[in-house]
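A.B. asks: requesting a structural model of the entry that follows:
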Amino acid sequence: MKFTEQIKQKTPVEFELAIKDFFEQILGFKNIQTTDGKGDFGADLLGEFNGKKHVIQVKKYSAPVNLKAVQEVYSAMAHYEAESCWVVTNSTYTESAINLAKSTNCLLVDGNDLDKLFVEKLKSFDEKIDYLQKNKIRSFRITNDQLISAYSELKKQLKRQPTVEEIDKLGEYSSSSYKKRWGRWNLFLREIGETCLVNRDITKDDLLMNFIDVSTKLKKTPTTSDMNKEGRYSVSTYERHFGTWNAFLEVQSVKPTKRHLIPKDDFISEYKKIKAKLKKVPTKAEFDKLSNISSNSFRRIWGSWSKFLKKHGEKTRDVSDQELIEEYHKLKAYLGRGTLTQEDMNAKGRFSSSTYERRFGSWNKFLQSINESPNIKTGITKDDLLKDYLRIADSLNKIELSTSDVKKHSVFSLSTFLKKFGFWNKCKEEALKQRNT
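C.D. replies: Model prediction:
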């Protein structure tokens, strides 16, 4: 069995341990150690070969790994005073990652490399290094210039920046061609100097203004089709913020009509399309990534995503409370720390923190159920949030904060701010008032 097949179902933590064993048993490294997950400075593993220290970053991805990984591990090499750096993935690398690796002498190991090194067991270490370096010299049948030209042509036709959905429907090449080359759609946009619409912090205010713009243009309440066609943001973006499209309409005091409801057959057809594309039953995250319809919308007809799957004969596995608790303690032991945060679980855990929140009500309620101290206090007030907002503003020497500032520096989550204030602009206004009083 191929090495990549053996590690297919492993969690990121288990994959990291498998790569640790791989470097010891296949490549002959000594003294392999894992770094502290919270402050690893860009390296997951440290190891030695012939007295030389190496730093290794491990990425279990479904998409190609981009140049950020190379940048991080190259910086880690200096921090750990190592002589060589590696990035290892079960996936592939973008062209920009490969080019940067060449200029920094960073060694890249992809899924095919893992399989080849595992099966053939090349005789000497130098032979293995030579193979890895030569294997990353590759060419693309579609050039970067062709992809950029096709994008520019579609932009010219639409007289505006095309969305990912429009690239797939109207473009000469699919969005996957761009993502394979640059890693993510936004990295492509950044490369050609375009605005990264998807990557910016989209607030509820942004979505409301977009809704008003489309409503004004069409002189009616837009349907989901109208929004996907005319809007700056797709309906799935609204559903991620409000739960469902109808929930958003209700917030705006607009009564949903049947014309605003996605037909049942459309849900089934869209699901079958995504399943055929992935060649497996999609997870909610995979469906949301590839579809214009949010998985949350399935609740209107079937009650939940899981009930939809069961109704259509798909096998689902319900994770038990005990499994969630065991995974928490397993990760805690691996990281060698006290109470874990949601960030720890999202970065290294087998299940996301949102799984725990859905099962136990919140992350803190989960911690309380296993007799651990909550990460942050409960009963958070607006005053608590405003004090933290002003603390961050003072530390950054800013009058107003962006949602990115809060995500990076606040002890509270951005969703906590939005739940309390409704809109981000409202939070900024109240913070300014408090500062001036």
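A.B. asks: just the endpoints, please. Distance across stretch 364-380?
C.D. replies: 13 Å (C-alpha to C-alpha, to the nearest Å).
A.B. asks: stretch 248-264 too?
C.D. replies: Its start and end residues considered, stretch 248-264 measures 20 Å (C-alpha to C-alpha).
A.B. asks: against Glu83, how distant is Asn50?
C.D. replies: Asn50 sits 10 Å away from Glu83, going by C-beta to C-beta, to the nearest Å. Quick note: C-beta positions are derived from backbone N, CA and C, even for glycine.
A.B. asks: who's more crowded, the two?
C.D. replies: The neighbour count for Asn50 versus Glu83, taken as other C-beta atoms under 10 Å, is higher for Glu83 (14 against 8).
A.B. asks: does the more buried one really touch Lys52, like I thought?
C.D. replies: Yes. Look at Glu83 against Lys52 with C-beta atoms under 8 Å: they come within range, at 4.7 Å.
A.B. asks: name the helix or strand for Leu27, please.
C.D. replies: Remark: Leu27 resides in no helix or strand, with elements defined by DSSP states H and E.
A.B. asks: thought it was touching Leu45?
C.D. replies: No. At 11.5 Å, Leu27 does not count as touching Leu45 under the criterion of C-beta under 8 Å.
A.B. asks: which one's more surrounded, those two?
C.D. replies: Leu45 (22 against 19).
A.B. asks: now that one: closest residue in space, sequence neighbours ignored.
C.D. replies: Ile56 (4.1 Å; C-beta to C-beta, 6 or more residues apart in numbering).
A.B. asks: specify the beta-bridge partners of the one you found.
C.D. replies: Beta bridges link Ile56 to Leu45, Trp86, judged by DSSP bridges.
A.B. asks: what about it, neighbour count?
C.D. replies: Residues within reach of Ile56, counting by other C-beta under 10 Å, total 27.
A.B. asks: what sits against it?
C.D. replies: The neighbourhood of Ile56, defined by C-beta atoms under 8 Å, 6 or more residues apart in numbering, consists of Ile19, Phe23, Ala43, Asp44, Leu45, Leu46, Gly47, Val73, Cys85, Trp86, Val87, Val88.
A.B. asks: and if you look at Gln434?
C.D. replies: Leu386, Leu390.
A.B. asks: roughly how far apart are it and Thr223?
C.D. replies: Between Gln434 and Thr223 the distance is 41 Å, computed by C-beta to C-beta.
A.B. asks: go on, Glu14?
C.D. replies: 45 Å.
A.B. asks: and if you look at Glu372?
C.D. replies: 47 Å.
A.B. asks: Lys33: what secondary structure?
C.D. replies: In this structure residue 33 is Gln, not Lys. strand (DSSP: H, G, I helix; E, B strand; the rest coil).
A.B. asks: please list all residues in contact with Asn105.
C.D. replies: Ser84.
A.B. asks: for it, what are phi and psi?
C.D. replies: Backbone torsions of Asn105, given as degrees, to the nearest 10, read phi 60, psi 30.
A.B. asks: what is the least confident helix or strand in the chain?
C.D. replies: helix 125-135 (a mean of 64; mean pLDDT, DSSP states H and E).
A.B. asks: how about the next helix or strand after that helix: buried residues?
C.D. replies: Next along the chain after helix 125-135, taking DSSP H and E as the criterion, comes helix 144-158. Buried residues in helix 144-158, counted by 16 or more other C-beta atoms under 10 Å: Asn144, Leu147, Ala150, Tyr151, Leu154, Lys155.
A.B. asks: domain assignment for the chain?
C.D. replies: 3-135, 144-191, 321-369, 382-436 (automatic domain parsing).
A.B. asks: mind giving me CSV with these and columns for distance to Arg300?
C.D. replies: Shown next, in CSV, are these (distance: least, C-beta to C-beta, whole Å):
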stretch, distance to Arg300
domain 3-135, 29
domain 144-191, 22
domain 321-369, 18
domain 382-436, 23
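A.B. asks: give me the neighbour count for Ser62.
C.D. replies: For Ser62, the neighbour count with other C-beta under 10 Å is 9.
A.B. asks: now stretch 203-218, how far from the centre of its chain.
C.D. replies: 26 Å (C-alpha atoms, centre = their mean, to the nearest Å).
A.B. asks: whoops, I mixed them up, stretch 60-72
C.D. replies: For stretch 60-72, the distance to the chain centre is 12 Å (C-alpha atoms, centre = their mean).
A.B. asks: what does it contact?
C.D. replies: For stretch 60-72, contacts defined as C-beta under 8 Å, 6+ apart pick out 7, 10-12, 15-16, 42, 57, 59, 87, 89-94, 96-97, 99-101, 104, 106, 108, 179-180, 182-184, 187.
A.B. asks: swap in 6 Å and give it another go.
C.D. replies: The contact list for stretch 60-72 (C-beta atoms under 6 Å, 6 or more residues apart in numbering) reads 12, 15, 42, 57, 59, 87, 89-94, 96-97, 100-101, 106, 180, 183, 187.
A.B. asks: now do the end-to-end distance for that stretch.
C.D. replies: First-to-last residue span, stretch 60-72, C-alpha to C-alpha: 16 Å.
A.B. asks: switch to numbering from 31
C.D. replies: From this message on, residue numbering opens at 31, which makes the last subject stretch 90-102.
A.B. asks: do me a favour and average the pLDDT over it.
C.D. replies: Summarised as a single mean, pLDDT over stretch 90-102 is 81.
A.B. asks: please enumerate the strands of this structure.
C.D. replies: For the chain, strands defined by DSSP state E occupy the ranges 60-64, 75-79, 82-89, 114-119, 137-139.
A.B. asks: and the longest one, how far from the chain's centre?
C.D. replies: Distance of strand 82-89 from its chain centroid, counting by C-alpha atoms, centre = their mean, is 23 Å.
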